[in-house]
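**Student:** Structure, please.
(2 chains)
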Amino acid sequence: MDAISNAIDALVSITPLYMQGFLLTLALLAISGVGAFVLGVLIAAMRISPVPSLRVFATVYTEILRNIPLLLVLFFCAFVLPILGVELDFFLLAALGLTLYTSPFVAEAVRSGFNGVPVGQAEAARSIGMGFTQTVGLVIMPQASRMVVPPLINVFIALTKNTSVAGIFFVNELFKATYAAARDNGDVVVLTLVYAAALYLAITVPLGLIAGAIEKRVMVLR
Amino acid sequence: MSMSVLYDAPGPKTRRNSAIASVIGAVAILAGLTWVFFILAAPRVNANGAEQPGMFDPSRTDILSDPQVWGAFGGAVVETLRMAGVAAVLAILVGILFSFGRTAASKWVRIPTSVLLEFFRGMPLLLMILFVFLLFSTGSYWAGVLGLAVYNGAIIGEALRAGINSLPKGQREGGLSVGLTSLQTRFIIEFPQAFRQMLPIILAQLVVLVKDTSLAYVVAYPELARTIKNLQNFYGSRYLFTLFAVGFVIYLVMNVTLSYIARYAAKRSGPKLGKVTPDNPKVPGAEGTRAITMPRGRSGYRDNSGGGFS
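**Tutor:** Now for the predicted structure:
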């Protein structure tokens, strides 16, 4: 009985810490999710634009950020940017880093969504006399946007898990809370870890289910 | 879809306009980069009035002539690859086990495996490494290796399962009808095909795994990211930018090379029939945040892994 009451005590004592961390994780997810979406769409647009220099820039940007570990990107944002005169608190720096890191993945998802629309669709639109704006606006976009949703959700799931890295850089999000809780509650380490895992799963699993459901609908339509 | 279908072949006027736009864009980007360069190079004045040398000042870069620094970086690369190599082998083994469990005939095996898989895929790798480190007191090396192996194994397992599901039904029926047992059919007929079908995805995931070794930072394993931090502690914050820049280049070279090798291998020995290649993704953006663009088989392989730190 003693072990159980111990566990319950620990559970009660770490809950405020975890809830605060959970909220910060959600805030990071929301801010960098929106940021990465906007930036990613911009990069994708540059990547398919007819202007070569923008295309090259977008390609190099994508390749660099995709091949650098997130830890290093956040390292840059947390320690190097302040040297360069950027004065933000660690939370905003981490959000910036996650935004930068996630944007090329958003861009790739968006771009491949466009690539996923069969050529015949565009050809058909062109053959009945539609112009560029009509072809893209009326035929390609509606199909592409639908196909883009599941991969985008997958990117956001990855982002959710990635927010944990911000915990290494002094942001009191869920992973940092877990680290502290595990350190302070040596007797119930398993509990602290499983608790944190459950909170992460509470975000990622529903998102995954939504992505799966949407994907199924899109597949039937195709 | 080739974008050229969307509009008519450009005439002389459009071509000229796009050339002008291209030059303007290039100039703008170069100007931005030059500006960043000068900001970096310029000395800075602190809040207390002390002046700091610019980022390319000799007093910040002189450690680059110190062979010990390069020795440390070399050691870090070796440690990183040592972790990634063992984790990669284990991840594939774990993946095979998972795909076995998930395609098992008995629901007593299938359902628990699925739950376990969702669990491993849905939680951050960082948490998993900490999990192993604290619970099994394995030391930092094995915490990193096991965390990476299980996490990536779960993703590879899903890929293999999708590969098995995407095989024509007749493959299994054929195996069973010539008298092979269910297990033999799996091993001799289905697995080799599934593995080949999903090779691009598996290779891409292994590249991600290399990138993710940086998370062993949290358990103080001396891989590349931790080495940068250690060197900074040793030589002083003055060198932070220089050390960071070197580490950045090493990671970039390492991962771009590996991605290239993976792409090449996938092209050479990946699935035939133009099915799934890195350059010809079947399903748009199914890669989540993988290093290379990867597609999925017919079966609705859902990747909500995103390779985490990838």
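**Student:** For the helix or strand containing B:Arg172, which residues meet the burial criterion?
**Tutor:** In the assignment (DSSP states H and E), B:Arg172 maps to helix B:169-177. Across helix B:169-177, burial judged by 16 or more other CB atoms under 10 Å in any protein chain shown covers B:172, B:175. To be clear about C-beta, it is placed using only N, CA and C from the backbone, and glycine gets the same treatment.
**Student:** dump the residue contacts of residue 96.
**Tutor:** Went with chain A since none was named. A:32, A:35, A:77, A:81, A:88 (CB atoms under 8 Å, 6 or more residues apart in numbering or on different chains).
**Student:** nope, chain B please
**Tutor:** Counting by CB under 8 Å, 6+ apart, B:Ile96 has contacts B:157, B:160, B:191.
**Student:** what's the burial count for the first one?
**Tutor:** The reference is to B:Gly157. Close neighbours of B:Gly157, defined as other CB atoms under 10 Å in any protein chain shown, add up to 26.
**Student:** For the helix or strand just after the helix holding B:Arg172, which helices and strands make contact with it?
**Tutor:** The helix or strand immediately downstream of helix B:169-177 is helix B:182-184, counting by DSSP H and E. The helices and strands touching helix B:182-184, judged by 3 or more CB pairs under 8 Å, 6 or more residues apart in numbering or on different chains; DSSP states H and E, number zero.
**Student:** Identify all contacting residues around helix B:182-184.
**Tutor:** B:105, B:175-176.
**Student:** try 7 Å
**Tutor:** B:Ala105 (CB atoms under 7 Å, 6 or more residues apart in numbering or on different chains).
**Student:** Check which residues of the helix or strand that it is followed by are buried.
**Tutor:** Heading C-terminal from helix B:182-184, the first helix or strand you meet, by DSSP H and E, is helix B:191-197. Using 16+ other CB under 10 Å as the test for burial, helix B:191-197 gives B:191, B:193-197.
**Student:** How about stretch A:103-119?
**Tutor:** Neighbour count says stretch A:103-119 has A:103-117 buried, by 16+ other CB under 10 Å.
**Student:** Please name the nearest non-neighbouring residue to residue 156.
**Tutor:** Went with chain A since none was named. In this structure, A:Phe156 finds its nearest non-sequential neighbour in A:Gly33, 5.6 Å apart by CB to CB, 6 or more residues apart in numbering or on different chains.
**Student:** switch to chain B, that's the one I care about
**Tutor:** B:Ile156 sits nearest to B:Gly95 (CB to CB, 6+ apart), 3.0 Å away.
**Student:** Figure out the helix or strand that that neighbour lives in.
**Tutor:** Per DSSP H and E: helix B:67-102 holds B:Gly95.
**Student:** which residues are contacting the helix or strand just after that helix?
**Tutor:** Following helix B:67-102 in sequence order, the next helix or strand is helix B:107-122 (DSSP H and E). For helix B:107-122, contacts defined as CB under 7 Å, 6+ apart pick out A:200-201, A:204-205, A:208, B:98, B:101-102, B:104, B:150-151, B:154-155, B:157-158, B:304-305.
**Student:** Could you tell me which of those residues belong to helices?
**Tutor:** Residues of the contacts of helix B:107-122 located in helices (DSSP state H): A:200-201, A:204-205, A:208, B:98, B:101-102, B:150-151, B:154-155, B:157-158.
**Student:** Report the central residue of the chain.
**Tutor:** In the absence of a named chain, this looks at chain A. A:Leu159 (2.8 Å; CA atoms, centre = their mean).
**Student:** that's the wrong chain, I wanted chain B
**Tutor:** Taking CA atoms, centre = their mean as the criterion, B:Val208 is the residue nearest the geometric centre of chain B, at 1.4 Å.
**Student:** Assign the residue nearest to the centre of chain A to helix, strand or coil.
**Tutor:** helix (DSSP: H, G, I helix; E, B strand; the rest coil).
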